[in-house]
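Novice: Give me a 3D structure for the following:
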Amino acid sequence: MGLHGGGYDSRYFDAPGSSLLRRAAGAGFPALALTRPGHPADEESARRQPSLAEAAVVIAEAIADAWQRLGDERPGIVLLGHSIGGAIAVHIAAARTLTWSSLGLTVSGVGDVISPRAMEQFTLLPPRTAVDFPFEATRPVLFGPDWTLDDPALTGAADLPVTTRCGGSSPVCAR
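Specialist: Numbering: from 1, shown residues only. Below is the predicted model of the structure:
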């Protein structure tokens, strides 16, 4: 079960040329990706976007529904979260009320430090503001050095949306 990060939606896991969903299906593993509540983050949805814990409850219920419909005799679900989706996946994995079998948790792109420059910029924004980040601006932040990139994957990612909400006195992006 894939949970995307801030600015993306479930298509993050089905990017042209590097689709995790297609690779999983090809290997015989059913895979789903959910778009987190409040995304895409336009101004209105940014105002209504739930906290990480609230999003975890909503997503856990959606996973329970998918499990009831598709679980059959499968042994369980592995949560895969990227960035903010990783933080939400941790909330879900910590829940004691899951109605489906959890096999594991994997997260990527979850940092615990915001750079001073980014922190300064985020504090200048009004709370719950939707911000569009051009791919050229996010490329150096979201992806590693050029030698680590696969050109088709980067091309596919460039076509995905990058919108998130940030700002206010507590500068946590896509909280």
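Novice: Distance check, residue 57 against residue 85.
Specialist: According to C-beta to C-beta, to the nearest Å, residue 57 stands 15 Å off from residue 85. To be clear about C-beta, it is placed using only N, CA and C from the backbone, and glycine gets the same treatment.
Novice: Looking at the two, which one has more neighbours?
Specialist: Taking neighbours as other C-beta atoms under 10 Å, residue 57 and residue 85 compare with residue 85 leading, 32 against 17.
Novice: Return the residues in contact with the more buried one.
Specialist: Shown in contact with residue 85 (C-beta atoms under 8 Å, 6 or more residues apart in numbering): 2-5, 36.
Novice: if we go to 7 Å?
Specialist: 3-5, 36 (C-beta atoms under 7 Å, 6 or more residues apart in numbering).
Novice: okay, and for the protein, where does confidence drop off?
Specialist: Flagging of the chain using pLDDT under 70 yields the residue ranges 40-43, 45-47, 111-114, 127-145, 149-175.
Novice: Flag every buried residue along the lengthiest helix in it.
Specialist: Ranked by residue count under DSSP state H, the longest helix found in the chain is helix 52-70. By 16 or more other C-beta atoms under 10 Å, the buried positions in helix 52-70 come out as 52, 55-57, 59-60, 63-64, 66-67.
Novice: Next secondary structure after it?
Specialist: Counting by DSSP states H and E, the next helix or strand C-terminal to helix 52-70 is strand 77-82.
Novice: Contacts for that following strand, please.
Specialist: 1-5, 12, 63, 67, 88-89, 92-93, 100-109.
Novice: Pull up the distance across stretch 10-17, start to finish.
Specialist: With C-alpha to C-alpha, to the nearest Å applied, stretch 10-17 spans 15 Å between its terminal residues.
Novice: Could you list the buried residues of it?
Specialist: Neighbour-count burial for stretch 10-17, counted by 16+ other C-beta under 10 Å, picks out 10-15.
Novice: related to what we said a few turns ago, can you tell me which of the buried residues of helix 52-70 is nearest residue 147?
Specialist: residue 52 (33.7 Å; C-beta to C-beta).
Novice: measure that closest one to residue 108 for me?
Specialist: For residue 52 relative to residue 108 (C-beta to C-beta), the value is 16 Å.
Novice: show me where the chain has helices.
Specialist: Counting by DSSP H, the helices of the chain are 20-26, 43-48, 52-70, 84-94, 116-123, 135-142, 151-158.
Novice: can you list those in JSON lines and add distance to residue 77?
Specialist: JSON lines is the format used below for these (distance: least, C-beta to C-beta, whole Å):
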{"stretch": "helix 20-26", "distance to residue 77": "12"}
{"stretch": "helix 43-48", "distance to residue 77": "26"}
{"stretch": "helix 52-70", "distance to residue 77": "7"}
{"stretch": "helix 84-94", "distance to residue 77": "10"}
{"stretch": "helix 116-123", "distance to residue 77": "33"}
{"stretch": "helix 135-142", "distance to residue 77": "26"}
{"stretch": "helix 151-158", "distance to residue 77": "25"}
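Novice: Many thanks, I have nothing further to ask.
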